[in-house]
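Trainee: everything below, folded, please.
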Amino acid sequence: MNHRARDIPLIRTRLYPSAERRSLQRAVHRGTLAAVRPGVLVDPGALVDLRSEDRHLLLVRATAPDVVAPARLSHLSAAVVHGLPVIGTAPDRVDVIDPRRGRTETTAHTRRRPGGPGADHSARWWSNASCVHDVELDGARVTSLVRTLVDIAATNAALTSVPMIDHALHSGHVRLEMLEYEATDRDRELPQRAAAALSMGSALSGSPAESVCRVRFRQLGTPEPVQQFAFRRPGAPPAVVDFWFPEQGVVVEVDGRGKYEDPAMLDGGTTAEAHWKEKQREDFVRSFPEVRFVIRFTWRDLLHPERIRDALRRAGVPCR
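Mentor: Numbers count the residues shown, from 1 in each chain. Predicted coordinates:
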């Protein structure tokens with residue numbers, strides 16, 4: 001997800017003599033170089049069109065030499081390293097856990113929390129799986145994918161944690177039992193929201209938008225929909241919908257721009273062809289007598305739960 005940010009060359013000014021450091025600083029003032037953080041510079045052209053999580057990865061790389069074992073990159077910073085989807089804007093501080101600390105300390109560029117090594121997976125059947133082992137970035141240790149997901153669930157709202165958990169489960173890199181084991185074998189009790197987020201994890205979510213939609217359903221108290229339900233008819237290809245509320249006869253689809261703009265998802269076709277195929281698919285779904293309504297939500301809708309509540313209520317789906 002973030003190969004470009006991994007490959008951007010970093011200029012670490014402390015590696016240069018003082019005269020050259022002054023020259024580099026003048027280049028920053030002229031705008032021919034840009035500071036990722038004090039003492040770490042890049043070509044400003046490399047920053048063009050970078051997503052917020054990619055900019056955060058640059059900050060993580062810039063900070064990595066200051067993260068010395070037993071400290072490890074963690075939480076949202078580790079999530080970015082692992083390529084997990086970040087909903088909203090990535091943080092402007094690098095997350096670190098350090099077992100030598102007794103309390104959280106925040107500086108201009110880092111947030112250092114106390115934290116132990118986590119669960120010992122050596123006796124589990126998955127002990128050789130890469131997801132339960134720490135990784136490395138620019139010389140700094142990074143919490144394992146499984147540990148990272150549990151840490152995120154413990155410290156962030158479901159809108160942040162559930163898309164990451166779903167993404168890891170959907171990719172096949174992680175099994176739910178691994179997360180549950182990591183969550184139960186810890187030096188402190190997990191908050192209730194962490195257990196709730198882990199219980200919501202679903203390998204059926206095909207995108208972060210679908211995960212956010214599931215969180216909104218839970219927040220609104222809707223019945224539990226069927227994910228990835230396939231409408232089938234002999235002689236026709238099945239139409240798989242994101243969510244199906246069978247008691248209410250309501251289909252919910254989550255529309256991201258990717259299906260109409262991403263070349264990989266277009267698979268050689270045009271945006272117009274993608275729209276036409278989607279219309280044909282929806283017409284097929286609507287032709288089933290049990291389907292009373294088809295609701296489509298966009299990313300903008302997902303950011304406003306009252307829009308989702310209003311649309312669902314109009315279609316007869318009960319909400320709080």
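Trainee: from here on, just use CA atoms for contacts and neighbour counts.
Mentor: Will do.
Trainee: strands along the stretch 101-250 of the chain, start to end?
Mentor: 105-106, 110-113, 135-137, 140-142, 226-233, 236-245, 250-255 (DSSP state E, counting those that start in this stretch).
Trainee: list the buried residues of the fifth one.
Mentor: What it means is strand 226-233. By neighbour count with 16 or more other C-alpha atoms under 10 Å, strand 226-233 contains the buried residues 227-230.
Trainee: tell me which of the residues you listed is nearest to residue 285?
Mentor: Taking C-alpha to C-alpha as the measure, residue 285 lies nearest residue 230 of those, at 9.4 Å.
Trainee: does residue 140 touch residue 63 like I think?
Mentor: No - counting by C-alpha atoms under 8 Å, residue 63 is not a contact partner of residue 140; they are 9.0 Å apart.
Trainee: before we move on, the earlier item: for residue 166, find the nearest of the strands of the stretch 101-250 of the chain.
Mentor: Closest to residue 166 of the strands of the stretch 101-250 of the chain is strand 226-233 (C-alpha to C-alpha; 12.5 Å).
Trainee: what residues of stretch 34-48 count as buried?
Mentor: For stretch 34-48, by 16+ other C-alpha under 10 Å, it's 34-37, 39-43, 47.
Trainee: which residues of this protein fall in helices?
Mentor: Per DSSP state H, the chain carries helices over the ranges 3-7, 18-30, 52-63, 75-81, 145-155, 158-171, 176-184, 192-200, 208-220, 258-261, 263-266, 271-286, 299-302, 305-314.
Trainee: dump those into TSV; add mean pLDDT, distance to residue 99 and mean neighbour count as well.
Mentor: Shown next, in TSV, are those (pLDDT from 0 to 100; distance: least, C-alpha to C-alpha, whole Å; neighbours: other C-alpha atoms under 10 Å):
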stretch	mean pLDDT	distance to residue 99	mean neighbour count
helix 3-7	86	27	13
helix 18-30	96	35	14
helix 52-63	96	19	23
helix 75-81	97	15	26
helix 145-155	96	14	25
helix 158-171	97	23	25
helix 176-184	93	17	18
helix 192-200	92	21	18
helix 208-220	97	32	22
helix 258-261	50	42	15
helix 263-266	50	43	12
helix 271-286	82	51	14
helix 299-302	95	38	15
helix 305-314	97	39	16
